[in-house]
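predicted structure and sequence below. I'll ask about it afterward.
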Amino acid sequence: MKTTLFAALGAVSLIATPALAEVSGAELSLGYSGLADGGARDIHKMTLGAGLEFALSPAFSVQGDLAKSWYGETDGSGESYALHGIYHAPSGLALGGFAGHDKVAGEGVDFYGLEAGGTFGMVDAEGALTWLDGAGSDGFGVTLKGDYALSDQFALGGKFATVSADDGDAWRLSGTGAYQILPGLQAEGELGLYDGDGMNTETFVGFGIRATFGGDAVTRSGTTFGKRGLQDFLPGL
């Protein structure tokens, strides 16, 4: 299944040439998060991410993501990239498939999965099923998140993610908030709980800034879907 999905998404990306496609959305983000308890504050992460989406037609698009993360506990870093193939239904629902690769401290993990999301009135929601394929360790994860627009500038929401792998399980649950500083520029915050295999449940906090470009009633502002991969299950925006 993984090989087939990689091939299908690669074929879609080749179709997205300047003659047939146009940029429909893009985003840049910078986020920082860390465990809040005194004995665990060395565990933190900073991530710089970028996404670009091409519309092949009103109904189909392809999205690419890149992210670079730096970790405080190990003074290490990680990279992640993903490619999405997306169908936009007339109702505003977006359905997608994705595949990509994570690399942390020299160890690589392939991932692939299915996703869905959309904006329905004041609610923006998305969810994903992710399969992980690492060297000697496989896993499966679920991500759910949503936001409710209180006004043109404020939104509140939540996020839940859980992953089960051969070498351990983890989950995170958090509340999120966003404030639009300027059109296309918003500040974000997150407060939640994280439980990794072999550790106590810990409180974590996160904050960041996100710039979005393009988007319309079909694709929403910026890119249609968020980041994917193993590193997205760790605390952080």
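Yep, it's here.

from here on, just use CA atoms for contacts and neighbour counts.
Noted.

now the strands for the protein?
Per DSSP state E, the chain carries strands over the ranges 22-35, 44-55, 60-71, 77-88, 93-104, 107-120, 123-134, 137-149, 154-165, 168-182, 185-196, 202-216, 220-221.

where's the residue lying closest to Ser137 once chain neighbours are set aside relative to Gly121, distance?
In space, and not counting its chain neighbours, Ser137 is closest to Asp166: 5.3 Å by Cα to Cα, 6 or more residues apart in numbering. For Asp166, the distance to Gly121 (Cα to Cα, to the nearest Å) stands at 40 Å.

between those two, which one's more packed in?
Neighbours per residue, other Cα atoms under 10 Å: of Asp166 and Gly121, the larger number sits with Asp166, 11 against 8.

and the strands of the chain, which one is worst for confidence?
Mean pLDDT across the strands of the chain is lowest at strand 220-221; the value there is a mean of 58.

sorry, back to before: the residue nearest to Ser137 reaches Gly134, doesn't it?
No - using Cα atoms under 8 Å, Asp166 is not in contact with Gly134, being 9.8 Å away.

phi, psi of the residue nearest to Ser137?
Dihedral pair for Asp166: phi -60, psi -30, per degrees, to the nearest 10.

what's the local residue count around Cys98?
Careful, residue 98 is Phe and not Cys. What Phe98 shows, counting by other Cα under 10 Å, is a neighbour count of 27.

who does it bridge with?
His84, Gly113 (DSSP bridges).

now swap in Asp169 and tell me
Beta-bridge partners, per DSSP bridges, of Asp169: Ser164.

could you measure it against Glu53, distance?
32 Å.

which of these two has more neighbours?
Glu53 (29 against 16).

quick one: that one and Val23 touch, right?
Yes - counting by Cα under 8 Å, Glu53 touches Val23, with 5.8 Å between them.

for beta bridges, what are the partners of Ser33?
Lys45, Gly206.

so who does it touch?
By Cα atoms under 8 Å, 6 or more residues apart in numbering, Ser33 lies in contact with His44, Lys45, Met46, Phe204, Val205, Gly206, Phe207, Pro235, Gly236, Leu237.

likewise Ala178?
Ala178 makes contact with Gln153, Phe154, Ala155, Leu156, Gln186, Ala187, Glu188, Gly189, according to Cα under 8 Å, 6+ apart.

separation between the closest residue to it other than its chain neighbours and Ile43?
When the adjacent residues along the chain are set aside, Ala178 lies closest to Glu188, with 4.4 Å between them (Cα to Cα, 6+ apart). Here the criterion is Cα to Cα. By it, Glu188 lies 20 Å from Ile43.
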